[in-house]
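Colleague: Based on what follows, work out the 3D shape:
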Amino acid sequence: MPKHTGSGSAPNPGPPGAGGGAKPVGERGRTALAVGVVEKIAGMAAREVAGIHALGSGLARTFGAMRDRVPGGKPSVGRGIKAEVGEKQTAIDIALVVEYGVVIPELARQVRENIINAVERMTGLEVVEVNIAVNDVHLPDEPEFEEEEEPVVPSGQRPKLK
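Modeller: Residues are numbered from 1 along each chain as shown. Below you'll find the model as predicted:
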């Protein structure tokens, strides 16, 4: 006869989630967010603020504009943004080019608020900081690199040099 130690039968835990302090179904498992997800959300949120001319440094914008012209290339929404993403928190660095005439401290406050609200709402991560670097001021009469187009030359002819 088997030896029985204990005063009664052991409780049956039953199916997962049935009492006993088990986590709700929606909390079982982890959700991992790629850095690019946070960067895109931050980029879209920053662009919503009036007074932003572009994101990124001059070099990043130049390379980005060239990449956008390649067939099949897509514009990068996260250009000029670097995020560090942990399990529960994120920190974001953003480089901006602002329009001439805007009040930069006010613009930076609006950008910071918009990014924090969007990232926290959409990802559930706590945004611990948003560091903003204003790299340039766009003047009204400055040409755009993205607006420049190659001259169309009929085949067999050389373009005129300036």
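
Colleague: lowest average confidence, helix or strand, in this structure?
Modeller: Scoring the helices and strands of the chain by mean pLDDT, DSSP states H and E places helix 58-69 at the bottom, with a mean of 48.

Colleague: going on from that helix, what's the next piece of helix or strand?
Modeller: Next in sequence after helix 58-69, counting helices and strands by DSSP states H and E, comes strand 81-85.

Colleague: Parallel or antiparallel, list what pairs with that next one.
Modeller: strand 89-99 (antiparallel) (DSSP bridges).

Colleague: From the contact counts, what lies against the next helix-or-strand element following the partner strand?
Modeller: Next in sequence after strand 89-99, counting helices and strands by DSSP H and E, comes helix 104-123. Helix 104-123 sits against helix 35-47, strand 89-99, strand 126-138, with contacts defined as 3 or more Cβ pairs under 8 Å, 6 or more residues apart in numbering; DSSP states H and E. C-betas here are computed from N, CA, C, even on glycine.

Colleague: Let me know the average pLDDT across helix 104-123.
Modeller: The average pLDDT for helix 104-123 rounds to 98.

Colleague: ditto for stretch 91-99
Modeller: 96.

Colleague: Then stretch 127-138?
Modeller: 96.

Colleague: what comes into contact with stretch 99-114?
Modeller: By Cβ atoms under 8 Å, 6 or more residues apart in numbering, the residues outside stretch 99-114 that reach it are 45-46, 48-49, 51-53, 94, 96, 98, 130, 132, 134, 137-140.

Colleague: can you rerun that using 7 Å?
Modeller: 45-46, 48-49, 51, 53, 98, 130, 132, 134, 137-140 (Cβ atoms under 7 Å, 6 or more residues apart in numbering).

Colleague: Widest-spaced pair of the residues you listed?
Modeller: 130 and 140 (27.8 Å; Cβ to Cβ).

Colleague: More neighbours: those two, which one.
Modeller: For residue 130 and residue 140, the more surrounded residue by other Cβ atoms under 10 Å is residue 130, and the numbers stand at 23 against 7.

Colleague: Now do that one against residue 38, distance only.
Modeller: Residue 130 sits 11 Å away from residue 38, taking Cβ to Cβ, to the nearest Å as the criterion.

Colleague: where do the contact lists of the two overlap?
Modeller: In contact with both residue 130 and residue 38: residue 92, using Cβ under 7 Å, 6+ apart.

Colleague: measure residue 135 to residue 127 for me?
Modeller: From residue 135 to residue 127 the distance is 22 Å (Cβ to Cβ).
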